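Student: Pasted the sequence and its predicted model underneath.
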Amino acid sequence: MDDASQPSKAQLLDEVPTSFDTTKLRFDGLRGDASRHLTRAELEAGIAALPPAPKDEGTVDLLVARTPEFGRILHEKALLTVEGGMPQDRFAEQTKYGLDHQLATTRTDFARLIANGQPLELHGDNLFLSLDLSDANLPAGSRIRLGEALVEVTPTAHNGCKKWVQRFGLAAMRLNMSAAYRPRHLRGIYLRVIEAGECRVGDAALVVNRGTAVVAAE
């Protein structure tokens with residue numbers, strides 16, 4: 001497949017058949033196992049079987065830095081900063097994205113279901129939280145205390161890209177973007193640091209207040 005035949009994100013969402021071979025997607029970085037991809041029916045059944053996530057106080061389950069070489073560093077503790085977000089993460093070295101993309105964040109049980117046995121850090125998120133990240137519970141502007149750090153939900157949508165499709169399948173991306181599931185943020189949300197502080201795996205993720213803004217469409 002040459003570059004011109006690489007499907008766009010819009011085509012992955014609407015035009016590419018579900019039988020599309022995701023191994024043909026090219027990018028720099030870690031790759032997933034297509035044999036682990038779940039169907040839409042399997043994803044929906046798995047989601048329905050999950051217990052409700054905490055709404056007011058959850059936990060920090062994983063702290064991940066994505067290196068410039070597309071590797072992963074798992075921290076037991078990290079000093080989250082206003083300027084750089086997660087230490088050793090490549091976000092601090094790039095200029096394409098602003099602070100509204102600072103900390104890619106996902107709900108741990110959703111991420112585990114979608115990964116289907118693959119490492120959680122393959123998702124490419126910085127924070128994995130046991131917390132309800134839906135629009136209904138955490139609209140943009142909401143603030144969460146993660147250990148000593150204070151973070152805020154940004155208005156930027158955190159949706160699947162072709163890397164995520166290759167790793168976890170078309171069904172996961174299409175389900176995430178469907179009208180019924182999009183407000184639940186199967187893929188996750190973005191946070192930015194408002195007050196620097198140390199965060200550890202196992203720390204509480206405490207909702208301090210809730211915003212009123214609507215997450216912007218990508």
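Tutor: Arrived safely.

Student: Can you check which strand is longest in the chain?
Tutor: Across the chain, the strand with the greatest residue count (assigned by DSSP state E) is strand 57-66.

Student: how far is that one from where the chain is centred?
Tutor: From the chain centre to the centre of strand 57-66 is a distance of 11 Å (CA atoms, centre = their mean, to the nearest Å).

Student: Mind checking what helix or strand follows that strand in sequence?
Tutor: Counting by DSSP states H and E, the element after strand 57-66 in chain order, helix or strand, is strand 72-75.

Student: Other residues contacting that following strand?
Tutor: 30, 62-67, 86-88, 121, 201 (CB atoms under 8 Å, 6 or more residues apart in numbering). In short, each C-beta sits where N, CA and C put it, glycine included.

Student: Return a ChimeraX selection command for the buried portion of those.
Tutor: Applying 16 or more other CB atoms under 10 Å to the contacts of strand 72-75, the buried members can be selected in ChimeraX as follows:
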select :30,62,63,64,65,66,86,121,201
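
Student: now the contacts of strand 72-75 in a markdown table, with distance to residue 129 and pLDDT?
Tutor: Below are the contacts of strand 72-75 laid out as a markdown table (distance: CB to CB, whole Å; pLDDT from 0 to 100):
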| residue | distance to residue 129 | pLDDT |
| --- | --- | --- |
| 30 | 21 | 96 |
| 62 | 9 | 98 |
| 63 | 10 | 98 |
| 64 | 12 | 98 |
| 65 | 16 | 98 |
| 66 | 17 | 96 |
| 67 | 22 | 94 |
| 86 | 14 | 97 |
| 87 | 18 | 96 |
| 88 | 20 | 95 |
| 121 | 14 | 97 |
| 201 | 11 | 98 |
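
Student: Of the contacts of strand 72-75, just say which sits nearest to residue 168.
Tutor: residue 30 (11.9 Å; CB to CB).

Student: where does that closest one land in three-state SS?
Tutor: coil (DSSP: H, G, I helix; E, B strand; the rest coil).

Student: who's in contact with the residue nearest to it when sequence neighbours are not counted?
Tutor: Spatial nearest neighbour of residue 30, chain neighbours left out: residue 122 (5.8 Å); criterion: CB to CB, 6 or more residues apart in numbering. If you count contacts by CB under 8 Å, 6+ apart, residue 122 has them with 30, 32, 115, 167.

Student: ranking the residues you listed by neighbours, who comes first?
Tutor: residue 167 (26 neighbours; other CB atoms under 10 Å).

Student: Contact partners for that residue?
Tutor: Contacts of residue 167 (CB under 8 Å, 6+ apart): 30-32, 118, 122-123.

Student: Format those as JSON lines; extra columns: distance to residue 22.
Tutor: As requested, the contacts of residue 167 are exported to JSON lines (distance: CB to CB, whole Å):
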{"residue": "30", "distance to residue 22": "14"}
{"residue": "31", "distance to residue 22": "9"}
{"residue": "32", "distance to residue 22": "8"}
{"residue": "118", "distance to residue 22": "13"}
{"residue": "122", "distance to residue 22": "14"}
{"residue": "123", "distance to residue 22": "15"}
